[in-house]
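Chemist: Just the structure for this:
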Amino acid sequence: MAEEETGDGGLEAGPRSAHAIIQVVVGVRPVLGHEAAQEVAVTSFGNSNSVQVTVPPKRQRSYAPDQPNGSEARAFTFDAVLPEGASNDDVFTTTGMERMVEAAIDGYSVTFFAFGHTGSGKTHTIIGPRLSQAHGAASSAMQPAAAAAAAAAAGAHGGDSGDGGSGDGGGEGDGAAAAAAAASRREDGVLRRCVHATFASIHGRAGARVVAVGASCVEVYNDVATDLLNHDTAAKPLQVRRTERDTFCCVGLTERPCASASAAMQCMQGALHARATRAHRLNEHSSRSHCIMTFTFASQELGGAEKGAAGGLRRYGKLVLVDLAGSERLRDTGTSDVNRSAVKETGHINRSLFILGQVLAALHAQSQGEDTHVPYRDSKLTQLLWDGLRDTGMVLMLACLGPTAAAAKESHSTLHFASTAQRVKMGHSHEWPLCCAALVLHCTVLCCSALRRAVMRCAAPRCDALRRAVMRCAAL
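Modeler: Numbering: from 1, shown residues only. From the prediction side, this is the model:
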């Protein structure tokens, strides 16, 4: 699939008719210090948006390219492939996340999720070393330099209040701490960057539109949904129920209003502090759950004399950031059968990711005209991601890979998963707005239930397609 570029080199953030629902970007984390002696099996080619992985044959456990029936190199092409050594700033720029944040504020449903095996750098990219380091949840996949910078920055910022400011560095003359803090900010994750881009955009719209921001955070652990913003230890797991809009919601989920970037980050810091983690052979602070961070935007154009007292158009969008737990094998993590809780965790993680792959495969089959059942109800994870996957918004997937031969099979599986996601085609509903009160009223008058459902599911601020559909329905 060819990459769609704009002037600054990022992916185009917007609906792409006759293209895939899911844009896929691939990133290969750097080789870590303890991996220096291992063979490198994954090579990225940013100029051609392709990545190559050298996979040993199934009967061969070890990486041995010099054997007669040795390893095989396989290449994949995606929307974009990050160059070797790419920083989180490069991820944010290449994926066009700033424009996707703008789209969410404008009424789109935007989903960004990271997929990959354990230790491939997902949490480092989504959460960032500065935020995760502050709560002891940093992924072992982060670069050693970034980890050191994060630790220094945490001390320089006095724990980091979440506003992302420069701070006083703990002392006016402490240049080393200030330099470490600056290096850490360059590695801030997608979460923090999106939050600051959100409020910068809202500030730029002041006087033309008022925007209310809400934040929520759900953890899916052992296929049980938990509200991470509810710190009551006696709280019961969330019930996931289907809504009239053919989506799923968590009953009783806490959503906190956020008036500033600092408030939003403090909210997420508290939520992520409660996330389940566990150490094993591949990762000292491995995420044992899927984390779904959602920001909702309710905006209204400020009313003038021509718009009446009710004001202008109302729009409702959302930005969903998903840090998936990594797929893994028990023999690789060093988990024994005696540790039943760890075995249970691994089983639920792998099962939910397998079902997610089945959902994407079924959506691809449907886009090819096949009458295929989509098993999105089989897992809490796919239920909560269904609103983004079902062709009503914009979805961006970051496929995270480990570079070494020891993880070659897992990297190959991740690339196969990403290829399946990229082949899912979208339909016409991708062009429809999330909410338009006038058209909803027309649909009600016309008693067209199918069109009314479509209006409630749509995900863009434009109304032309719906207007034409209403006219056709009226003619009938």
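Chemist: Quick check: phi and psi at residue 95.
Modeler: phi -80, psi -10 (degrees, to the nearest 10).
Chemist: correct me, but it touches residue 398?
Modeler: Yes: between residue 95 and residue 398 there is a contact under C-beta atoms under 8 Å: 7.1 Å. Every residue, glycine included, has its C-beta placed from N, CA and C.
Chemist: Overlap in contacts, the two.
Modeler: Common contacts of residue 95 and residue 398 (C-beta atoms under 8 Å, 6 or more residues apart in numbering): 25, 112.
Chemist: check contacts around residue 212.
Modeler: So residue 212 contacts 257, 297-299 (C-beta under 8 Å, 6+ apart).
Chemist: Check residue 395 too.
Modeler: 21-23, 110-113, 388-389 are the contacts of residue 395 under C-beta under 8 Å, 6+ apart.
Chemist: Which of these fall within strands?
Modeler: 22-23, 110-113 (DSSP state E).
Chemist: Of all those, the one with the weakest confidence?
Modeler: Lowest in pLDDT among the ones in strands among the contacts of residue 395 is residue 22, which has 88.
Chemist: bridging residues for that one?
Modeler: Beta bridges link residue 22 to residue 395, judged by DSSP bridges.
Chemist: That one reaches residue 397, doesn't it?
Modeler: Yes: if you go by C-beta under 8 Å, residue 22 and residue 397 touch, sitting 5.4 Å apart.
Chemist: Overlap in contacts, these two.
Modeler: residue 421.
Chemist: burial of the closest residue to residue 39 other than its chain neighbours, as a residue count?
Modeler: Spatial nearest neighbour of residue 39, chain neighbours left out: residue 405 (4.2 Å); criterion: C-beta to C-beta, 6 or more residues apart in numbering. Neighbourhood size, residue 405 [other C-beta atoms under 10 Å]: 23.
Chemist: now swap in the one 5 residues further on and tell me
Modeler: Here the count is done by other C-beta under 10 Å, and residue 410 has 23 residues near it.
Chemist: Same question for residue 185.
Modeler: Residue 185: 22 neighbours (other C-beta under 10 Å).
Chemist: That one and residue 381: what is the separation?
Modeler: Distance, residue 185 to residue 381, by C-beta to C-beta, to the nearest Å: 31 Å.
Chemist: what do you get for residue 318?
Modeler: 17 Å.
Chemist: Likewise for residue 126?
Modeler: 15 Å.
Chemist: And the pLDDT for residue 56?
Modeler: 74.
Chemist: does it really touch residue 406, like I thought?
Modeler: No: using C-beta under 8 Å, residue 56 is not in contact with residue 406; the gap is 10.3 Å.
Chemist: the more surrounded of these two?
Modeler: Comparing residue 56 with residue 406 by neighbour count (other C-beta under 10 Å), the higher total belongs to residue 56, at 21 against 17.
Chemist: Alright, calling it a day.
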